[in-house]
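> For reference, the sequence and a predicted model appear below.
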Amino acid sequence: MKHLHPASDQGYDPEAVEAKWQERWAAEHVNEPDLDTPTRPFYNLMMYPYPSAEGLHVGNMFAFTGSDVFGRFKRLQGYDVFEPIGFDAFGIHSENYAIKVGTHPAELIPRNIANFRRQLRRMGGMFDWRQELSTTDPAYYKWTQWIFLQLYKAGKAYKKLGAVNWCPECKTVLANEQVIEGYCERHPGVRVEQRNLEQWYFRITEYAEKLLRHLDDASKMDWSESTAAAQRNWMGRSEGADITFKLASGDGTMAVFTTRPDTLFGATFMVLAPEHPLVGQVTTTAERSAVEDYVRATAAKDIVSRRVGERDKTGVFTGGYAINPATGAEIPVWIADYVLMEYGTGAIMAVPAHDERDLEFAEKFDLPVVRVIDENERLIASGSFTGRPASAAIGDITHWLEEKDLGRGKVQYRLYDWCISRQRYWGPPIPVIYCEDCGAVPVPEADLPVLLPPLEDFRPDDSGTSPLARNEEWYFVSCPDCGERGHRETDVSDTFLDSAWYYLRYPSTEFDDRPLDPSRTKTWCPVATYIGGNEHAVLHLLYARFLAMALHDLGHLEFDEPFLKFRAHGLIVKDGAKMSKSRGNVVIPDEYVARWGADTFRMYLMSLGPFQEGGDFRDAGISGPRRFLDKVWDLVGRCVSEDAIGEINHTVMVKWHQTKHKVSQDIEDLKYNTAIAALMELLNVLREVQCHEQRVVEDMLVMLAPFAPHFAEECWERLGHERSIFSASWPSWDPSLLVQDQIEVVIQVNGRTRSKVQVPRDADEATVVAAALADEKAQRHLVGKSVQKRIYVPNRLVNLVVG
RNA sequence: GCCCGAGUGGCGGAAUGGCAGACGCAGUGGACUCAAAAUCCACCGGGGGCAACCCCGUGCGAGUUCGACUCUCGCCUCGGGCACCA
C-alpha cells in the first residue's frame, strides 16, 4: 500500500486514500455504534439488496449512497448512527438462476454475497458489518419460522384453497410476474392454467382498517406521499352494503356487495363468479351442461389473463332467478368471469343503467336496462325513494334494508390475505408436521430451525409439490404430539416474509436464543429513517407494517409501526428508461469506481438530480466532481503550506455562513444535488478571492464528508487532526450573516425588469421607491407616463405600474 | 381506463408567486507548452443592433395577478405503478 504523508502536497490519489481509510475505519471500529448504551440512537436503514450474479448496478449504488449520505450527516450531527446491511437471498429468482446455470443455490448465493460485500465496502458505506445478516442463514430463518409459529398459534396463519397460476409444462406454480400474456415465461407456447391448491395465508385483512388509518397519522409515520397513496390504493377501501337476494326457487339466498345501494331498483340481473359455491344450486337441468362448460373454460384460464387479458364480456345463463328485494321482480342469475370470487361476496347485482361493465354485459346478452337516476342525480322509478338525491338514497336504502333484515352497511377492502406458500425449494421450510391423527401440528420451538435439506436435485418435478417432498429422510418425521409417523409441510415461505422483519433482527444478530433482544429493540426500533425504492411501496412495506402490528398484538413489540420516516428514492434512467436487467441497460459501477474513485463516483451520483426523483446516467459528467475534489485537495494544501490570511473578507463570510445554512437544509431534505452545488459555489468564491482560511476549509470538509468520506478524512488529517472527521461536529451558522447589508433591489416597470439599485437591507418603502424613480434606466421607461401603482416587496423588488 | 411523478439552453439540472437558466458537463476563443494532456482566464438560450440596449423564450391553450417555470382550469407527451374491485 502506498504510504501517504499527512502533509503531502502531492496530487490526490483516490485509490490510496480510499484503501487507507477503509482499513482504518475497520481497525478502529469507527462505524460500529455502542448498541447497548448509545446516547442518541439513530437507526438509518436502507432496503437490503437481493444478491444477483451481476452484482450491484449503478441504480442500486445510487440508492445506497443516498442513504449513506443521510446516515453520515446524522452522525456528524451527533447521533449514534446504526447503519446495518444484509442480504435477501432466498426466493424464486435465485432458484431459477441456479437452475439455469446448473449450480446449486447454496453454492451460488455465498459467491454473489461475497461480490456484493466487496462492492459495498468499496463504495465506502458506513455499514456496521458486525450485524450483517443473510436471510438464507439458518440462524436467521430459524426466527422466520418462529414468527410463523407465533402467528399460527395466534390464529393469524391459516390454510385454505387458493387460485394459483399453473404451468402444465413446468408442472409448478408460477408467480403472476412469470405469466406473460397468458403464457409461461419459460415456455412461450404453453398456456398457463388456473389451479386451486392449498396454501398458507396470513390474516393481513384483519389489519386493513388500522393499516389505512395509520397512513394519515403523522405521529406514527412520516412517509413519501406517493408511497402512502400506493398503499391506500392497494387496500382499496370502499363503502357500500351487503344485500341479500332470495332465490325465486324459494330455497336459499344469495348475498352481494354493492357500493351503490341507491341503484337497487335498477338491478335487472345477477352475476355469480363461475367458482361461486351457489352455482350448482341455481343452475337448472336445461342449462347445466352449458354452465359446466363455462366453469371449466374459466378454470383453464390463468389468473393473470383473466384479470388483465381479453376484456370482452362472456358468460352464460344458469336458468335460475333471484328476487329483487326492492321491486319484487324475478331477475335472471348468470355466471361470468368478470365477477371475481376473491372480491366481496363473489356475486353482484347488475345495474346496467349505471355501471359500464354491467351495461356491456347487458347489451351483449340482450338483458333489460332500467334507469333509476336522472340527470339531476335524483332517483326515479324507485318506489317511495323516487325524487331523493342519489347521494342521500345510499344511506336511505341501506337503512331500509337493515330494518327489513335484507342487508347491512359494509366497508369492503380490496386487500386480500397474504399467501406465504411457495411450492419451491429455495426458501425456509414452513414449520408444520402433518399427522394422520393430530392433523397439522406446529413444529415445537425447541426443534427450530427446520433446516432446508441439501437436495442434490432441487428442480420442481411432475408431482406438483415442492422438491422437498422427494427427500424421504427429511419428509417423514414422527408427530411431535403423538409420536406416530407424520410428514413435513413441503411448502417454503415467501421471501416477503424474510424481509418483513429483517430490520428487527439487525440490532440482535448475535443472540441465538431469541429473535430480538427486548432491550436492543427498545433502544433502536422503530427505524428512524428508511430509504428504498417505490417498487416496494405496496408489498414489502405493507407486509412489514402488518407483521409489526401482529407482533405488537402478540406482545413482542412495543410499537406498531416499523418505519417512522420512509422516503422513496428516485430511479436512475439510462437511455430514457429505468435501469434494469430486463431492459439490458444496466451499468456496473466497478469500472467507474476503479477509474475515478468511490468518492468522485458517490458525488457524481448524488449530483445527477434530486435524490427522490432520480437522474439520468451519462458518464460524461463525472469529471466535474473529480475536478472539484482536486481543487479542494489543492486548497487544503495551501492551508498547510502557506500562512492563512488573518481576516476573512465580508463576501467570504456571508457565503460561508449561507453555505452552512443551505447544505444543512438541503441534506435534511435529501436535496443532495443542490447541497453539492452550494459547496462548489463556496469553493469558487474562496478561489476567486484567494482565501484559504482554515476555519472555512474545515467547515467545508465536514460538509463534504457525507458525500466524499474518505477524501474528507484524508484532508482532515492533513490539516493536523488526529481523530476521524466523523467525530467532528456539524458546523453551525450565524443567522445574521445570511443576508448582505447592501441589497440589490430589482426595479420593474409594468412587471418587466429594467434596472437594479443598491439599498441598505430592510430600507423603508419610501427610500427604495425614491431610488427607483431616480434611477436613470428606469426613468427611460417612465417618460410621458404617470405612475399609477407602486408594488414594493422588501429586499426584493419595486414594480412601478405606469399607464 | 385509474393513480402517482415529470416536461426549462447542445446535455444533466437550478429557481415553488418577484432578476429564468445556479452548479456541473459539452462547446468556442485565449494563456501556458516545441506539441499534446492537465491547469488557468473569457464567452456560452434564440433573434436584432457598432453600441447603449430592445424583442422573443420554461410542452400546448385559456385564466387569476402589478408580476406566473411556479397558482387555477382544459389538453398533449414521456416515465412509473395498478387494473373487469361491483
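That came through, no problem.
> give me every residue that touches A:Ala728.
A:Leu76, A:Glu698, A:Val702, A:Trp716, A:His721 (CB atoms under 8 Å, 6 or more residues apart in numbering). Every residue, glycine included, has its C-beta placed from N, CA and C.
> distance of it from A:Asp513?
40 Å (CB to CB, to the nearest Å).
> now A:Arg111
From A:Arg111 across to A:Asp513, the span is 31 Å (CB to CB).
> Name the residue in these two with the higher neighbour count.
A count of neighbours by other CB atoms under 10 Å puts A:Arg111 above the other of A:Arg111 and A:Asp513, at 12 against 5.
> so which strand or helix has the more buried one?
A:Arg111 belongs to helix A:105-122 when assigned by DSSP states H and E.
> Give me the buried positions along that helix.
Going by neighbour count (16 or more other CB atoms under 10 Å), the buried part of helix A:105-122 is A:Pro105, A:Leu108, A:Ile109, A:Asn112, A:Ile113, A:Asn115, A:Phe116, A:Arg117, A:Gln119, A:Leu120, A:Arg121, A:Arg122.
> residues in contact with A:Phe245?
By CB under 8 Å, 6+ apart, the neighbours of A:Phe245 are A:Thr253, A:Met254, A:Ala255, A:Val256, A:Met270, A:Ala322, A:Ile323, A:Asn324, A:Pro325, A:Met349.
> who does it bridge with?
Partner residues in beta bridges with A:Phe245, using DSSP bridges, are A:Met254.
> Quick one: residues contacting the residue in the stretch 401-550 of chain A that RNA strand B sits nearest to.
Residue of the stretch 401-550 of chain A nearest RNA strand B, by CB to the nearest atom of the strand: A:Arg414 (3.7 Å). Listed by CB under 8 Å, 6+ apart, the contact partners of A:Arg414 are A:Trp234, A:Met235, A:Gly236, A:Arg237, A:Ser238, A:Tyr343.
> hey, where'd the helices end up in the stretch 151-300 of chain A?
A:208-214, A:225-235, A:279-282, A:288-300 (DSSP state H, counting those that start in this stretch).
> The third one and RNA strand B, any residue contact?
The reference is to helix A:279-282. No - against RNA strand B, helix A:279-282 shows no contacts by CB under 7 Å from any atom of the strand, the least distance being 14.1 Å.
> Just send the helices of the stretch 151-300 of chain A back as CSV, with mean neighbour count and mean pLDDT too.
Output for these, formatted as CSV (neighbours: other CB atoms under 10 Å; pLDDT from 0 to 100):
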stretch, mean neighbour count, mean pLDDT
helix A:208-214, 17, 93
helix A:225-235, 15, 89
helix A:279-282, 18, 94
helix A:288-300, 15, 91
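> Out of these, the one nearest A:Val538 is which?
A:Val538 lies closest to helix A:225-235 among the helices of the stretch 151-300 of chain A, at 4.6 Å (CB to CB).
> for the helices of the stretch 151-300 of chain A, which one sits closest to A:Arg761?
A:Arg761 lies closest to helix A:225-235 among these, at 37.1 Å (CB to CB).
> ok so, going back, do you know the pLDDT at the residue of the stretch 401-550 of chain A closest to RNA strand B?
Note for A:Arg414: predicted pLDDT of 89.
> what does A:Val802 give?
Per the predicted model, pLDDT is 81 at A:Val802.
> Counting neighbours, what do you get for the spatially closest residue to it that is not a sequence neighbour?
What sits nearest to A:Val802 in space, not counting adjacent residues and going by CB to CB, 6 or more residues apart in numbering, is A:Lys785, at 4.0 Å. For A:Lys785, the neighbour count with other CB under 10 Å is 13.
> Same check on the one 4 residues further on?
Using other CB under 10 Å, A:Lys789 is surrounded by 10 other residues.
> what's the distance between it and RNA strand B?
6 Å (CB to the nearest atom of the strand, to the nearest Å).
> Now the closest residue in space to A:Phe707 that isn't next to it in sequence: phi and psi?
Nearest residue to A:Phe707, sequence neighbours excluded (CB to CB, 6+ apart): A:Met603, at 5.0 Å. The phi/psi pair for A:Met603 (degrees, to the nearest 10) reads phi -60, psi -40.
> For A:Met603, give me its contacts.
Residues in contact with A:Met603 (CB under 8 Å, 6+ apart) are A:Pro625, A:Phe628, A:Leu629, A:Ile676, A:Phe707, A:Ala708.
> Can you tell me the closest non-neighbouring residue to A:Thr600?
A:Arg626 (4.4 Å).
> The one you found reaches A:Ala598, doesn't it?
No - counting by CB atoms under 8 Å, A:Arg626 does not reach A:Ala598; the two are 11.8 Å apart.
> Look at the two and report which has more neighbours.
Neighbour count, other CB under 10 Å: between A:Arg626 and A:Ala598, A:Ala598 has more, with 27 against 19.
> How much space separates that one from A:Gly102?
From A:Ala598 over to A:Gly102 (counting by CB to CB), the distance is 35 Å.
> cool, A:Gly78 as well?
52 Å.
> and what of A:Thr253?
With CB to CB as the criterion, A:Thr253 and A:Gly102 are 58 Å apart.
> For the two, work out which one has more neighbours and name it.
For A:Thr253 versus A:Gly102, neighbours defined as other CB under 10 Å are more numerous around A:Thr253 (13 against 7).
> mean confidence score for stretch A:81-101?
The average pLDDT within stretch A:81-101 is 90.
> and if you look at stretch A:457-467?
76.
> For it, what is the distance to the chain centroid?
33 Å (CA atoms, centre = their mean, to the nearest Å).
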